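Undergrad: Return atomic coordinates for the entry below.
(one chain, ligands or ions: 1)
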Amino acid sequence: MSDTESSPYRHEPVEDWYIVGEEIGSGHFAVVKKVVCKRSGTEFAAKFIRKKRASTSRRGARREDIEREISILQELNHVNIIKLYDIFEDKQDVTLILELVSGGELFDFIAERDVLHESEATAFIAQVLEGLAHMHLKNIAHLDLKPENILLTNRAQAVIKLIDFGISRKIEDGKNEIQMLGTPEFVAPEVIAYEPLGLYTDMWAVGVITYILLSGCSPFLGDNKQETFANICAVDFSFDDEFFGNTSDLAKDFIRGLLVKHPGRRASVTDCLSHPWIKLFFDERERL
Ligand SMILES: COc1cc(-c2ccc3ncc(-c4cccc([C@@H](O)NCCN(C)C)c4)n3n2)ccc1O
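TA: Coordinates of the predicted model:
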């Protein structure tokens, strides 16, 4: 019996239930399209994941990777994490029906603004931390956190949504021997050193993202991947006055607590949520 026939996913054609629209994005072995539910008229995002056809093929996603991403999405339920509503499967794709997020990527928001005010940055980072806290409580690490994988519901009072759980993992007994690579600019030293990854690997990426939000610069980016990796392993970063001259000491302290080589000494998501720089955001939200 083929995988398709025995799988628990819906085997009707997606097109029977959804009007498939424009492509809104793409990732590894997947394209994301806007779709409209024929019955309700509601818009969703559909992630069409191309399946590997033969074990020797280099194209397509492995079944165990698809099933792992689905299992992780099914376990998560948080306002800052993309919601999974339905799953279809046919001969060539597994298709995830997901909530549609219309404000684009944080990456583009930063590019348009160059730098953000600290209050804007804390508003984004606090929500990333709340989504991560939900994941880390379930021992799930994202492992590919970067501005392209943080979407905004709108550009005004933006709610952020974490996406792309394609390399996410359940972390058993605090670490995982998986060998994998996220995006060079955002990977932690343990990823480069092929040492065990953990929830702490996400926290390094939060430090890099915060640094970028406040300065428009990437702390470790070199002229090539090797140089970037060398900068990361040396934890070679600084708060150049040209970009951080007006940044608070609290913000720099928050970043310093995350860009720490030893995973055991790196700030956890709980440490970050109680950091004074982030507490300012929550106190303000309480007050309003
Ligand atoms: C759950 O995993 C994913 C969800 C999505 C997703 C879900 C809902 C949704 N609403 C709007 C969008 C959207 C809008 C613009 C660009 C992208 C995205 O493809 N860019 C992310 C790039 N990333 C995968 C490196 C996605 N999405 N994307 C995209 C990739 C994923 O791996």
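Undergrad: of all of the stretch 1-150 of the chain, which residue lies closest to the ligand?
TA: For the stretch 1-150 of the chain, the residue closest to the ligand is residue 25, as judged by CB to the nearest ligand atom, at 1.8 Å. C-beta here means a position set from N, CA and C on the backbone, and glycine is covered the same way.
Undergrad: What strand or helix carries that residue?
TA: Using DSSP states H and E, the secondary-structure element containing residue 25 is strand 18-27.
Undergrad: The following helix or strand past that strand pairs with which strands, parallel or anti?
TA: Sequence-wise, the next helix or strand downstream of strand 18-27 (DSSP H and E) is strand 30-37. Pairing partners of strand 30-37, with direction, according to DSSP bridges: strand 18-27 (antiparallel), strand 43-50 (antiparallel).
Undergrad: follow-up on the earlier one: any buried residues in the strand holding residue 25, and which?
TA: Buried residues in strand 18-27, counting neighbours by 16 or more other CB atoms under 10 Å, are found at 18, 25.
Undergrad: same question for stretch 171-183, mean pLDDT?
TA: Taken as a whole, stretch 171-183 carries a mean pLDDT of 77.
Undergrad: I'd like the numbering to begin with 59 instead of 1 from here.
TA: Renumbered: residue one is now 59, and that last one reads stretch 229-241.
Undergrad: Render the CA-only coordinates of it in PDB, please.
TA: These are the backbone C-alpha positions of stretch 229-241, laid out as PDB (Å, rounded to 0.1, in the frame of the first residue of the first chain):
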ATOM      1  CA  ILE A 229      14.000  18.300  22.000                       C
ATOM      2  CA  GLU A 230      14.400  15.200  24.200                       C
ATOM      3  CA  ASP A 231      16.300  15.500  27.600                       C
ATOM      4  CA  GLY A 232      17.300  19.100  26.800                       C
ATOM      5  CA  LYS A 233      19.200  18.600  23.600                       C
ATOM      6  CA  ASN A 234      19.100  16.800  20.300                       C
ATOM      7  CA  GLU A 235      21.900  15.300  18.200                       C
ATOM      8  CA  ILE A 236      20.400  16.500  14.900                       C
ATOM      9  CA  GLN A 237      22.900  17.900  12.400                       C
ATOM     10  CA  MET A 238      21.200  20.600  10.500                       C
ATOM     11  CA  LEU A 239      21.700  24.000   9.200                       C
ATOM     12  CA  GLY A 240      19.300  27.000   9.400                       C
ATOM     13  CA  THR A 241      20.300  30.200   7.600                       C
END
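Undergrad: Point out the residues in the stretch 59-208 of the chain that sit beside the ligand.
TA: Where proximity means CB under 6 Å from any ligand atom, the interface of the stretch 59-208 of the chain facing the ligand comprises 82-85, 90, 103, 105, 140, 156, 158-159, 162-163, 206-207.
Undergrad: Any of those buried? List them.
TA: Of all those considered here, the ones buried according to neighbour count by 16+ other CB under 10 Å are 83, 90, 103, 105, 140, 156, 158, 159, 162, 163, 206, 207.
Undergrad: Closest to residue 120 out of these?
TA: When these are compared for distance to residue 120, the smallest value, 16.0 Å, is given by residue 105; criterion: CB to CB.
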